[in-house]
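Participant: output the structure for:
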Amino acid sequence: PPNCTNPEPQNLDVTFFVGEFAAGFSFHVHEKFQLGVALRVPWSKQIADLWQNSAAAFPGYQTGNPGYGRVTNDIGGVGFPSPRFGFTIKPHRKVRISAMYRMYSKIKLTGTTRTDILPQALDAEADWFIPHAVAFGVSYQANSHLLLAFEARAQFHGADKTGNKNQTVTTEGSGLDPIVVPFGWQNTWSAKIGFEYRFKKEFLAL
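Facilitator: Below is the predicted model:
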């Protein structure tokens, strides 16, 4: 609540791991145009040690009576499969232009939550989103040894319905209201440059 401030600021610690399995294929529509599609299955693991107003999770909580304490979440899970689409255009024998779109995927995280208020570990669940993403890339084959590449990418972590501004953790059988964790993730933009130098054809590259 706006008038309920944290009387004892504390450190927060969140460890988050995410990976994915993907399988895909590509095909040539034309000698200068190639399409690709992949199906992705993401998974993640989250361990969070937070300092929260735990009392606010109890039904009938009265604003202005904060009950801060440590809240730890240990949750993980496998996400719903989602696609990724892309294409590559070859306007010149030395140049390739590509673009990619990745659809969001929701991961249902399950595990346990512990609080200072209750002694027992509570069964908990929450959602995490692998966000929508788009990317654009250009590569240039300078010669038989050197390849130069550039990529621009955007990931929409701050989307209202498919982002991670807040995370709601619910506990089963505890009688507690959901705990909202304000992670506040935002949309990200990035640019990358790279090169490949091949010392001997089809043998060794840096």
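Participant: where does pLDDT dip in this protein?
Facilitator: The chain contains residues with pLDDT under 70 at 1-8, 54-66, 173-175, 201.
Participant: so which bits of the lengthiest strand in it are buried?
Facilitator: The longest strand of the chain (DSSP state E) is strand 33-53. Neighbour counts over strand 33-53 (16 or more other CB atoms under 10 Å) mark 34, 38, 40-44, 46, 48-53 as buried. In short, each C-beta sits where N, CA and C put it, glycine included.
Participant: save those as CSV, and put in distance to residue 92 too.
Facilitator: Output for the buried residues of strand 33-53, formatted as CSV (distance: CB to CB, whole Å):
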residue, distance to residue 92
34, 15
38, 27
40, 31
41, 37
42, 36
43, 40
44, 41
46, 46
48, 50
49, 54
50, 53
51, 57
52, 57
53, 60
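Participant: widest-spaced pair of the residues you listed?
Facilitator: 34 and 53 (53.6 Å; CB to CB).
Participant: could you pull out the helices in the chain for me?
Facilitator: Assigned by DSSP state H, the chain shows no helices.
Participant: out of the buried residues of strand 33-53, which comes closest to residue 97?
Facilitator: residue 34 (11.0 Å).
Participant: do a quick rundown of the strands in this structure.
Facilitator: Going by DSSP E, the chain shows strands at 13-30, 33-53, 68-78, 82-92, 95-102, 105-115, 122-130, 133-141, 146-155, 167-171, 179-181, 188-200, 204-205.
Participant: how about those, which one is nearest residue 161?
Facilitator: Shortest distance between residue 161 and those, using CB to CB, is found for strand 122-130: 8.7 Å.
Participant: mind listing the strands that closest one pairs with, and their directions?
Facilitator: Taking DSSP bridges as the criterion, strand 122-130 forms sheet pairs with strand 105-115 (antiparallel), strand 167-171 (antiparallel).
Participant: ok, residue 16 to residue 51 distance?
Facilitator: With distances taken as CB to CB, to the nearest Å, residue 16 is found 18 Å from residue 51.
Participant: OK, contacts around residue 147?
Facilitator: Residues near residue 147 by CB atoms under 8 Å, 6 or more residues apart in numbering: 139, 140, 141, 195, 196, 197, 198.
Participant: and the second one, how close does it get to residue 92?
Facilitator: When you say that, I think you mean residue 140. 9 Å.
Participant: so which of these two has more stuff around it?
Facilitator: Between residue 140 and residue 92, counted using other CB atoms under 10 Å, the more crowded position is residue 140 (14 against 11).
Participant: could you measure from the more buried one over to residue 30?
Facilitator: When residue 140 is compared with residue 30 (using CB to CB), they lie 21 Å apart.
Participant: any idea how many residues pack against the closest residue to residue 171 other than its chain neighbours?
Facilitator: Once flanking residues are discounted, residue 171 sits nearest to residue 122: 4.1 Å by CB to CB, 6 or more residues apart in numbering. For residue 122, the count of nearby residues is 18 (other CB under 10 Å).
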